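Engineer: Give me a model of this one.
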Amino acid sequence: MTCVFIPTTQHPVEIISLTKEHSDIQSVICITNTFNALPVSTAYHGFVRRPTGIIQKLTGIPSFRADVSGIIDQGDSWQLSMLIAHRLHHHDQFRKAHDAAGHMAHIWASGQVDINQNVTPIQHIREKFKASQSLFEDIRSRGDQLHIVLHPDNWAELQDMITEDMICHRVSVAADIDQLLSDTRLSVFPPHSNLATSRLRPHQNISTSFRRLFNRSWKRRILGYGLTISIMISLQQMIPWHPIHAAMEMEKSGTHVELIRMLKSYRQDDRFIPRLSFLYFEEAYLKEKSRALINQLDMQLVWAVSDDNNTTCDHAQMRWHRYQITDSTLPSLPRQRCQLYLEIQNNGTERLAVAVAIHAKNGDMITPILQPAQTELAPSEHIRHPIQTGDTKSLIIMMSASDHLTMNWYRWFKRWSNRPMGMSARKSLLDTGIGVHMAVQDKP
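Structural biologist: Residues are numbered from 1 along each chain as shown. Below is the predicted model:
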């Protein structure tokens with residue numbers, strides 16, 4: 001995931017989302033989940049739309065709604081952060097989860113930008129840097145990357161404050177921004193540098209292979225190859241291709257009950273090859289599809305705390321935090337918090353059916369907070385579920401995802417929700433290719 005922050009002299013403001021709007025609507029910047037446009041919205045509209053703006057020139061989109069985590073009330077230093085966020089968004093790289101380990105790249109950028117993407121320095125950079133120390137510590141504690149993006153003059157002002165763990169980018173022209181966005185450190189995908197060395201050189205390797213084949217032991221080799229081919233043909237005839245094809249059609253059509261019955265019958269089959277074939281079909285197709293479906297969901301806990309650490313929850317004074325749910329453990333949350341909700345976004349290319357349930361756990365007692373709820377999410381669409389629970393209770397979050405929009409499988413999810421620690425209904429979901437994920441808080 002790539003997150004972008006706008007520094008202010010009070011606190012850093014995260015760009016939460018960018019949403020395309022109708023061309024008749026003016027671009028606005030809003031505090032997330034509110035209806036009120038911030039004072040800089042007029043300047044943002046001019047920054048986006050032609051002929052004054054550059055975002056429409058780059059993306060072809062004339063209007064956006066930008067949701068941010070805090071107030072931006074004056075100045076133009078937000079322009080560099082917004083430009084970077086829009087360019088990431090245009091290439092489908094803004095706030096996108098990249099791997100199961102939850103690796104993230106955080107961009108902290110400040111600067112003014114003209115129509116040609118030339119960057120100019122801004123004022124009060126040291127105050128903004130000091131106001132972001134708590135954010136920097138939070139990023140360090142998670143082991144994530146922190147990228148500092150500034151004009152060279154501003155970088156020189158901060159040279160004595162920048163630490164070794166910060167990745168610094170000095171930008172002054174469009175080419176510098178292009179270089180920043182192509183930096184491999186902003187991606188968690190490992191470089192496939194070994195591909196070039198693994199390719200065959202046609203003439204040399206083919207001739208070498210023939211020489212190795214037709215050496216003194218070529219008769220033994222041909223006999224071994226012939227025996228191997230004979231065994232493979234015999235095994236192929238024993239594999240139940242037609243039943244496996246029928247099982248795949250059942251999964252595609254969403255007839256889950258019939259699929260469960262067929263899987264059970266072949267698990268009890270006395271013949272080794274058919275039983276092994278269906279076991280491979282379950283592991284390589286059904287359970288792999290289950291993992292792929294749940295990995296298409298970007299699942300995050302989002303909470304806000306008062307900026308002065310008291311019980312006053314004024315939107316202007318709240319600091320927002322996010323935790324991406326990638327494994328089975330949820331983090332401890334601050335006891336004095338203003339808001340808490342679960343956000344789920346479909347990062348896939350197809351519409352998904354999504355089911356969610358949330359429980360509170362106090363010792364052995366499990367109490368529903370959010371009864372099982374189902375919805376459909378189009379690609380890039382997201383939904384938020386508010387969470388209301390006591391500070392002394394741990395959370396249990398349960399989620400399922402499927403490309404079957406009929407929701408015939410939903411009854412199994414409701415059974416699983418009634419018994420979160422039970423395995424029967426959860427296994428039925430996994431066995432039929434439904435995405436399943438449960439995350440539990442060890443401590444509230």
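Engineer: Next, the buried residues of the helix or strand containing residue 359.
Structural biologist: Counting by DSSP states H and E, the element that carries residue 359 is strand 352-362. By 16 or more other C-beta atoms under 10 Å, the buried positions in strand 352-362 come out as 352, 353, 354, 355, 356, 357, 358, 359, 360, 361. Heads up, the C-betas are built off the backbone N, CA and C, glycines and all.
Engineer: Least confident of these?
Structural biologist: Within these, pLDDT reaches its minimum at residue 361, with 88.
Engineer: What pLDDT is listed against residue 233?
Structural biologist: 56.
Engineer: swap that for residue 150, please
Structural biologist: 94.
Engineer: Next, find the distance separating residue 257 from residue 411.
Structural biologist: 10 Å (C-beta to C-beta, to the nearest Å).
Engineer: So the protein: which segments form each domain?
Structural biologist: 2-186, 218-294, 296-441 (automatic domain parsing).
Engineer: which of the ones you listed has the lowest average pLDDT?
Structural biologist: Looking at the domains of the chain, the bottom one is domain 218-294 with a mean of 76.
Engineer: how far does that domain sit from the chain's center?
Structural biologist: Centre-to-centre, domain 218-294 and its host chain are 32 Å apart (C-alpha atoms, centre = their mean, to the nearest Å).
Engineer: do the same with stretch 128-142
Structural biologist: For stretch 128-142, the distance to the chain centre is 22 Å (C-alpha atoms, centre = their mean).
Engineer: Pull the residues that contact that stretch.
Structural biologist: 5, 7-12, 77, 104, 106, 108, 110, 145-146, 158, 161, 165-166, 321 (C-beta atoms under 8 Å, 6 or more residues apart in numbering).
Engineer: Keeping just the C-alphas, turn that stretch into PDB.
Structural biologist: Extracted in PDB, the C-alpha atoms of stretch 128-142 (Å, rounded to 0.1, in the frame of the first residue of the first chain):
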ATOM      1  CA  LYS A 128       5.900  20.800   9.800                       C
ATOM      2  CA  PHE A 129       8.600  18.200  10.200                       C
ATOM      3  CA  LYS A 130       8.500  18.500  14.000                       C
ATOM      4  CA  ALA A 131       4.700  18.200  14.000                       C
ATOM      5  CA  SER A 132       5.000  14.900  12.200                       C
ATOM      6  CA  GLN A 133       7.300  13.100  14.700                       C
ATOM      7  CA  SER A 134       4.600  10.900  16.100                       C
ATOM      8  CA  LEU A 135       3.700   9.700  12.600                       C
ATOM      9  CA  PHE A 136       7.400   9.000  11.900                       C
ATOM     10  CA  GLU A 137       7.600   7.000  15.100                       C
ATOM     11  CA  ASP A 138       4.500   5.000  14.200                       C
ATOM     12  CA  ILE A 139       5.900   4.100  10.800                       C
ATOM     13  CA  ARG A 140       9.200   3.100  12.300                       C
ATOM     14  CA  SER A 141       7.500   0.800  14.800                       C
ATOM     15  CA  ARG A 142       5.800  -1.100  12.000                       C
END
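Engineer: Give me the buried positions along it.
Structural biologist: Neighbour counts over stretch 128-142 (16+ other C-beta under 10 Å) mark 128, 129, 131, 132, 135, 136, 139 as buried.
Engineer: Serialize the residues you listed to a markdown table and add fields for secondary structure and distance to residue 307.
Structural biologist: Shown next, in a markdown table, are these (DSSP: H, G, I helix; E, B strand; the rest coil; distance: C-beta to C-beta, whole Å):
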| residue | secondary structure | distance to residue 307 |
| --- | --- | --- |
| 128 | helix | 16 |
| 129 | helix | 18 |
| 131 | helix | 11 |
| 132 | coil | 13 |
| 135 | helix | 13 |
| 136 | helix | 17 |
| 139 | helix | 18 |
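Engineer: any idea which of those residues is closest to residue 328?
Structural biologist: Using C-beta to C-beta, residue 139 is the member of the buried residues of stretch 128-142 that lies nearest residue 328, at 23.3 Å.
Engineer: how distant is stretch 427-438 from the center of its chain?
Structural biologist: Going by C-alpha atoms, centre = their mean, where stretch 427-438 is centred and where its chain is centred differ by 20 Å.
Engineer: before we move on, what about stretch 5-17?
Structural biologist: Averaging C-alpha positions (C-alpha atoms, centre = their mean) puts stretch 5-17 21 Å from its chain's average.
Engineer: now do stretch 372-385
Structural biologist: With C-alpha atoms, centre = their mean, you get 15 Å for stretch 372-385.
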